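Q: quick one, what's the 3D model for this:
(chains A and B)
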Amino acid sequence: MLQLRTFKRGGIYPPHEKLSANAKIIFGEIPENLLIPVNQHIGRPLKIIVKKGDAVKRGDLLAESTGFISSNVHSPVDGKVLKIFRFPLLGGLIREVIQIQPTEPGKSFKEVLESDPYFEIDVRLLTPESIRKRIEEAGIIGMGGAGFPTHVKLSPPPEKKIDALIINGAECEPYITADHRVMVERSGEIIKGIKILQRLFENVPVYVGIEENKPDALKILDEMVSKDGDILIVPLKAKYPQGGEKQLIKAVLNREVPSKGLPMDVGVVVQNVATVLAVHDAFYYNRPLTERVVTVSGNVVNRPGNILLPVGTPVSYVVKKFEIDAQKVRLLIAGGPMMGRTSHSFESPVTKTTSALLFFDNRVFAERRENPCLRCGSCLRVCPMGLDVALYTQMIKADKIAPEAKDHIQDCIECGSCAFVCPADRRLVQWMRFGKTIIRREN
Amino acid sequence: MFEIVIPGLILAGFALISASGLFVASKKFYVYEDPRIDEVEELLPGANCGGCGFAGCRAYAENAVNNKTVDPPCPVADAEAMQAVARLLDLEVEVKEKQVATLLCKGTHENSRLVMEYYGIDDCWAAMLVANSLKACAFSCLGLGSCVRACSFDAMLLKDGIVVIDEEKCTGCGMCIHACPKNLLFMRPVSGQVIVTCSNTDRGADARKACKIACIGCMKCEKSCQQNAIHVNDFLASIDYEKCTNCGDCVAACPTNAIEMRGQEVYVTA
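A: Now for the predicted structure:
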């Protein structure tokens, strides 16, 4: 057995709870109405180009980007634009959504996907410009959770020499298995997607980082690339946050991204496996990013699973499909339990970055007050960025952030390791995020 | 005998040297300061609230005397005090009516029900990171009291999920206005008794669903007003206090009680 690679500083070992690891990705039906959020990415807000009453086809542009750091949104189904209004998204933030009434509700989404024509393309004939352009048009954003437009990440300035491409299949959050199932079931397509990305950077080695708790994914991908010299599967220790971009680079290449820096500063580009799959679909099926695999799990769900959902599907559809007792649900989390956001509405839609929907009841949800800091230092030991979280939260609370602490607060990756170990139940992540907004307001 | 006298003399000598040193220094490094600065500071309220934009009352007095200006006037001082300051500096001051902070929301727990439970940090700005609103209405007061903590005069308190303002204690310094992440507070002249206590710009049906007393943009108030002082924009009425005569026609016309008439007596809900 190879020595498992990992990052050195901090980190925690939460229970894996990958309940749906062996559940095949299922396909749902087209729901009765879709609420498609306009801004699902990080960057400039989009311009809506449809209006009430317009008929749209699958793949039609609904809102177009207004700049370089921006990403298109397309319609996943044929239908009619019913309304454009403001609605709470998963996480509680109220944003603009486009409501679409599909022409064929109840039709299997598998049929819809199968009706997309397949194009056999020769990767060697693609130019880097055409690849970037296609990815931009298809509205592909980082599907690991942050939602940064992929074409921007793939366009480093010429002075930054890229010498490694890392594909992130770590999936270190408990419960989530969406990327895991994608790697097992659609491994061939991921390899094809990697081949497309390889065209952007000449002769660059590709590393696929996968945590050791996914042995089937490791085995399948290892067999697929064994005849291929320039793709390397890297087994990683199952440790949180192994899938954090900076931690992954440290684990795989032993390079440290500088404070306030980007992976490209150390010559690396990191892409999530789901994003790579979206790139594959954009080229081979000419499909814009309009659907994603979502893990449905939690202790209220009797049969946890993974489902391919069109973007804009309301959570209520999932509740019905998985026969979840809505009365019992006390806590709905969009994303993983560590970094995901709790949500209050079953009508909120799934977005391009929703990797999981977790339903929990009273047994998991505990109402706990925030207590004073005990100065135990647990948060310092587990912080993967090496931050003095306890001190910074005191500064933020007193509204007296020392100038030298500002950069450190902005280095926080909001992984939640500190809050996980805090014996005083302090809302450390929220304090750090609050601190970031204070600093942003000052500038 | 000498044991007492010698130390006494030594100490007296030190005292003399130090005193002369201090005397020379106070003459040599003397900085002239306008005595009026002290006088002006004396006349100001001394709350050091920062409502004028200066660091405190002393800083305001220095600016007033050195630059010969009372613009902007102290928002807290009453007309008499401000005129006294102006007289002292041979200036004219336009006496403005006292302004009070007003909350444009009546989304109490009874009117706009809570749709989620919030266990995070007790601060409106921090809550805004998690959710835009904790209640059914997206525009409602979060009720976590960032403005209450910004108030130096103990004029605000939380009640039933919204902020109530004691208009007698409110000095109109305006520090709470910027403490609100949802822009629900504004300053109105104290004589303006009619207030549209809503900030919901949704369409009527949606607004009504969100809150019992929401402004639904029905235009009845606009039609009832003879002074042309109330206007509906984006399904939300707003009052022009320069024209409003406190006649109360709009209050009577409003079907949802979104317009409120404050009585002659001071509105205190403490």
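Q: closest residue of the stretch 101-250 of chain B to chain A?
A: Closest approach between the stretch 101-250 of chain B and chain A, counting by CB to the nearest CB: residue B:131, at 2.9 Å. (C-beta placed from N, C-alpha, C; glycine too.)
Q: how many neighbours does that residue have?
A: Number of residues near residue B:131 (other CB atoms under 10 Å in any protein chain shown) recorded here: 23.
Q: residues touching it, list them.
A: Listed by CB atoms under 8 Å, 6 or more residues apart in numbering or on different chains, the contact partners of residue B:131 are A:88, A:91-93, A:344, B:116, B:118.
Q: ok, residue B:178 to residue A:174 distance?
A: The gap separating residue B:178 from residue A:174 is 41 Å, by CB to CB, to the nearest Å.
Q: which of the two has more neighbours?
A: Per other CB under 10 Å, whichever of residue B:178 and residue A:174 has more neighbours is residue A:174, with 18 against 12.
Q: pLDDT value on residue 12, please?
A: Reading this off chain A. You'll see residue A:12 listed with a pLDDT of 95.
Q: oops, wrong one, chain B.
A: Per-residue confidence for residue B:12 comes out at a pLDDT of 96.
Q: tally of neighbours for it?
A: 10.
Q: tell me which element it falls in.
A: Here residue B:12 sits within helix B:2-28, counting by DSSP states H and E.
Q: which residues sit against the next helix or strand after that helix?
A: Once the chain leaves helix B:2-28, the next helix or strand it forms, by DSSP H and E, is helix B:35-43. Contact with helix B:35-43 is made by B:57-58, B:61-62, B:64-65, B:77, B:81, B:84-85, B:88-89, as judged by CB under 8 Å, 6+ apart.
Q: for burial, what's the neighbour tally of residue A:135?
A: Residues near residue A:135, counting by other CB under 10 Å, number 28.
Q: which one's the longest helix in chain A?
A: Of all the elements of type helix in chain A, the one with the most residues (DSSP state H) is helix A:428-442.
Q: what sits against the closest residue to chain B within the stretch 201-350 of chain A?
A: With CB to the nearest CB as the measure, residue A:344 is the residue of the stretch 201-350 of chain A nearest to chain B, at 3.7 Å. Going by CB under 8 Å, 6+ apart, residue A:344 touches A:88, A:92, A:332, B:115-116, B:131.
Q: how is chain B divided into domains?
A: B:14-96, B:99-264 (automatic domain parsing).
Q: just name the most buried of these.
A: domain B:99-264 (a mean of 19; mean count of other CB atoms under 10 Å in any protein chain shown).
Q: what is the mean pLDDT for it?
A: Domain B:99-264 comes out at a mean pLDDT of 90.
Q: in what helix or strand does residue A:233 lie?
A: Assigned by DSSP H and E, residue A:233 falls within strand A:231-236.
Q: same deal with residue A:99?
A: Short version, using DSSP H and E: residue A:99 is in strand A:94-102.
Q: by contact count, what packs against that strand?
A: Here strand A:94-102 touches strand A:34-37, strand A:79-88, going by 3 or more CB pairs under 8 Å, 6 or more residues apart in numbering or on different chains; DSSP states H and E.
Q: the longest one pairs with which strands, and in what direction?
A: So that's strand A:79-88. Strands that pair with strand A:79-88, judged by DSSP bridges, come out as strand A:55-56 (antiparallel), strand A:94-102 (antiparallel).
Q: same thing with the shortest one?
A: Strand A:34-37 pairs in its sheet with strand A:94-102 (antiparallel), by DSSP bridges.
Q: who's in contact with the partner strand?
A: If you take CB under 8 Å, 6+ apart as the criterion, strand A:94-102 is touched by A:30-39, A:48, A:50, A:56, A:62-63, A:75, A:77-89, A:312, A:349, B:132-133, B:138.
Q: among these, name the buried ones.
A: Neighbour counting over those (16 or more other CB atoms under 10 Å in any protein chain shown) leaves A:30-31, A:33-39, A:50, A:56, A:62-63, A:75, A:77-79, A:81-82, A:84, A:87-89, A:312, A:349, B:132-133, B:138 as the buried ones.
Q: residue contacts, residue B:183?
A: Residues in contact with residue B:183, defined by CB under 8 Å, 6+ apart, are residue B:199.
Q: and it, how far from residue A:133?
A: Applying CB to CB, one obtains 41 Å for the distance of residue B:183 from residue A:133.
Q: please apply the same query to residue A:104.
A: Separation of residue A:104 from residue A:133 (CB to CB) stands at 32 Å.
Q: do the same with residue A:127
A: Taking CB to CB, one finds residue A:127 at 9 Å from residue A:133.
Q: circling back: for the domains of chain B, could you give me a markdown table that also reports distance to residue A:230?
A: Converted to a markdown table, the domains of chain B look like this (distance: least, CB to CB, whole Å):
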| stretch | distance to residue A:230 |
| --- | --- |
| domain B:14-96 | 62 |
| domain B:99-264 | 42 |
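Q: so what's the closest residue to chain B within the stretch 51-200 of chain A up against?
A: Residue nearest to chain B within the stretch 51-200 of chain A: residue A:92 (2.9 Å; CB to the nearest CB). Contacts for residue A:92 (CB under 8 Å, 6+ apart) come out as A:341-344, B:116, B:130-132.
Q: in strands only, show me the residues you listed.
A: Among the contacts of residue A:92, the members found in strands (DSSP state E) are A:341-343.
Q: report pLDDT for the closest residue to residue A:54 other than its chain neighbours.
A: Distances taken as CB to CB, 6 or more residues apart in numbering or on different chains put residue A:81 closest to residue A:54, at 4.6 Å, once the chain neighbours are dropped. pLDDT recorded at residue A:81 is 95.
Q: return the backbone torsion pair for the spatially most central residue of chain B.
A: Taking CA atoms, centre = their mean, the centroid of chain B lies closest to residue B:174, which sits 2.8 Å from it. Here is the backbone geometry of residue B:174 (degrees, to the nearest 10): phi 80, psi 10.
Q: can you report phi and psi for the closest residue to it other than its chain neighbours?
A: Nearest non-adjacent residue to residue B:174, counting by CB to CB, 6+ apart: residue B:51, 5.2 Å away. Dihedral angles of residue B:51 (phi, psi; degrees, to the nearest 10) stand at phi -60, psi -20.
Q: now, of the strands paired with strand A:79-88, which is deepest in the fold?
A: strand A:94-102 comes out most buried of these by mean count of other CB under 10 Å, with a mean of 20.
Q: so residue B:48 sits right up against residue B:54, yeah?
A: No - here residue B:48 does not reach residue B:54: they are 9.6 Å apart, not a contact under CB atoms under 8 Å.
Q: which residues in chain A form helices?
A: Here chain A has its helices, by DSSP H, at A:109-114, A:128-137, A:150-153, A:178-185, A:187-198, A:215-225, A:245-253, A:273-284, A:315-321, A:378-382, A:389-397, A:403-411, A:417-421, A:428-442.
Q: which one, of the ones you listed, ends up nearest to residue A:266?
A: The closest of the helices of chain A to residue A:266 is helix A:245-253. By CB to CB, the value is 6.6 Å.
Q: render the CA-only coordinates of the closest one in PDB, please.
A: Only the C-alpha atoms of helix A:245-253 are listed here, as PDB (Å, rounded to 0.1, in the frame of the first residue of the first chain):
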ATOM      1  CA  GLU A 245      -8.500  23.500  -2.500                       C
ATOM      2  CA  LYS A 246      -5.500  24.600  -0.500                       C
ATOM      3  CA  GLN A 247      -5.400  21.500   1.600                       C
ATOM      4  CA  LEU A 248      -5.600  19.300  -1.500                       C
ATOM      5  CA  ILE A 249      -2.700  21.100  -3.100                       C
ATOM      6  CA  LYS A 250      -0.600  20.600   0.000                       C
ATOM      7  CA  ALA A 251      -1.500  16.900   0.200                       C
ATOM      8  CA  VAL A 252      -0.900  16.100  -3.400                       C
ATOM      9  CA  LEU A 253       2.000  18.300  -4.300                       C
END
